[in-house]
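Chemist: 3D, please:
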Amino acid sequence: MTYDPLELAEETKKIVAKGMLRKYYRRSRPGRWYGGIASADCCGCNLRCVFCWSGAPRDYPERLGEFYSPEQIFASLTACAKKYGYRQLRVSGNEPTIAKDHLLRLLELVDETGYKFILETNGILVGHDSDYARKLSRFRCVQVRVSLKGTNQQEFSRLTGAIPEAFMLQLKALDNLLDAAVSSYAAVMLSFSSKESFKGLLDRLREMDRGLAENVEEEYVFLYPHVAKRLSEAGIQPRISYKPGKAPKELI
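Modeler: Next comes the predicted model:
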């Protein structure tokens, strides 16, 4: 049975957000992605992607994690970045846009520094509310990475279990970000897509903005044991996949 990601976002927000506080299961960790980045891992998402590496923090956010203020997360991220010599920060693990007030305050803090903040998002809430993109446009530090879950509505629904129409909110997020002049780009999960469907998506993005089509990041599934099990149970077989730690350098 399909679900509405907007409704799931509201339900999840009640669990993971309390005013300016947001629930995290890990305050900071170093990472090799983007050439080196300090990450904090939050709880709760409004999608249920079958290929997602997040497990209990996504599905049972009420059972895990602790609430932290933007100031606490900022302190943890910058301490990690200083230790490893990183210039980039992010909130990962699940969907950071669910706790809007917390995220915007965190970006205010980052914007006062020389760090760059990579906002990884599925874009559903940014596509639903154009004011979200306008608020993001206030920050010099932010670059938004909208992760498309497949190349069309049918793939999106098959991979996420959500209503097909929600895929259009992902594309609308890119449109809203362009209108608000926010630095942004699309990443797309291609492990389950044909070359023809990818071409169709590129054509669609090119109609929105040529730069979107030219700067798409290709994303592929990593077969962590729990991910492989979830895919097997769903009867979904990736066309292209990688084992953890075996990703090509160009995907890191």
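
Chemist: would you map the helices across the stretch 51-200 of the chain?
Modeler: Here the stretch 51-200 of the chain has its helices, by DSSP state H, counting those that start in this stretch, at 56-59, 70-84, 100-111, 124-128, 130-136, 153-160, 167-179, 195-208.

Chemist: which of those sits closest to Val188?
Modeler: Nearest of the helices of the stretch 51-200 of the chain to Val188, taken as CB to CB: helix 195-208 at 6.5 Å. C-beta: built from backbone N, CA, C; applies to glycine.

Chemist: so which bits of whatever helix or strand comes next after that closest one are buried?
Modeler: Heading C-terminal from helix 195-208, the first helix or strand you meet, by DSSP states H and E, is helix 210-214. Across helix 210-214, burial judged by 16 or more other CB atoms under 10 Å covers Leu212, Ala213.

Chemist: repeat that for stretch 24-40.
Modeler: Here stretch 24-40 shows Tyr24, Tyr25, Arg26, Arg27, Ser28, Gly31, Tyr34, Ile37, Ala38, Ser39, Ala40 as buried, counting by 16+ other CB under 10 Å.

Chemist: outside of it, which residues touch it?
Modeler: 41-43, 57, 64-66, 68, 72-73, 76-81, 83-93, 118, 252 (CB atoms under 8 Å, 6 or more residues apart in numbering).

Chemist: ok, back up a step: I'd like to know which of the buried residues of stretch 24-40 are part of strands.
Modeler: Counting by DSSP state E, those place Tyr24, Tyr25, Arg26, Arg27, Ser28, Gly31, Ile37, Ala38, Ser39, Ala40 in strands.

Chemist: which among the residues you listed gets closest to Ser241?
Modeler: Once CB to CB is applied, the member of these that ends up nearest Ser241 is Gly31, at 20.3 Å.

Chemist: beta-bridge partners for that closest one, please?
Modeler: Counting by DSSP bridges, Gly31 is bridged to Ile37.

Chemist: cool, and the one 10 residues further on?
Modeler: On the basis of DSSP bridges, Asp41 takes part in beta bridges with Arg26, Ser92.

Chemist: center of this protein - which residue?
Modeler: Thr121 (2.9 Å; CA atoms, centre = their mean).

Chemist: if we can go back for a sec, quick check: the two most widely separated of the ones in strands among the buried residues of stretch 24-40?
Modeler: Maximum distance among those (CB to CB): 17.8 Å, for Tyr25 and Ile37.

Chemist: OK, contacts around Val144?
Modeler: Leu119, Thr121, Val126, Leu136, Leu177, Val182, Ser183, Ser184, Tyr185.

Chemist: so the first one touches Val146, yeah?
Modeler: No - counting by CB atoms under 8 Å, Val146 is not a contact partner of Leu119; they are 9.1 Å apart.

Chemist: how many neighbours does Lys13 have?
Modeler: 17 (other CB atoms under 10 Å).

Chemist: which residue packs closest to it, ignoring adjacent ones?
Modeler: Excluding the flanking residues, the one nearest Lys13 by CB to CB, 6 or more residues apart in numbering is Ile98, at 5.2 Å.

Chemist: distance of the one you found from Ser130?
Modeler: With distances taken as CB to CB, to the nearest Å, Ile98 is found 18 Å from Ser130.

Chemist: looking at those two, which is more packed in?
Modeler: Ile98 (27 against 15).

Chemist: OK, contacts around that one?
Modeler: Ala9, Thr12, Lys13, Val16, Ala17, Gly44, Cys45, Asn46, Leu125.

Chemist: related to what we said a few turns ago, looking at the buried residues of stretch 24-40, which is nearest Leu201?
Modeler: Tyr34 (22.9 Å).

Chemist: how close does that closest one get to Ala187?
Modeler: 12 Å.

Chemist: likewise for Ala180?
Modeler: Taking CB to CB, one finds Ala180 at 19 Å from Ala187.
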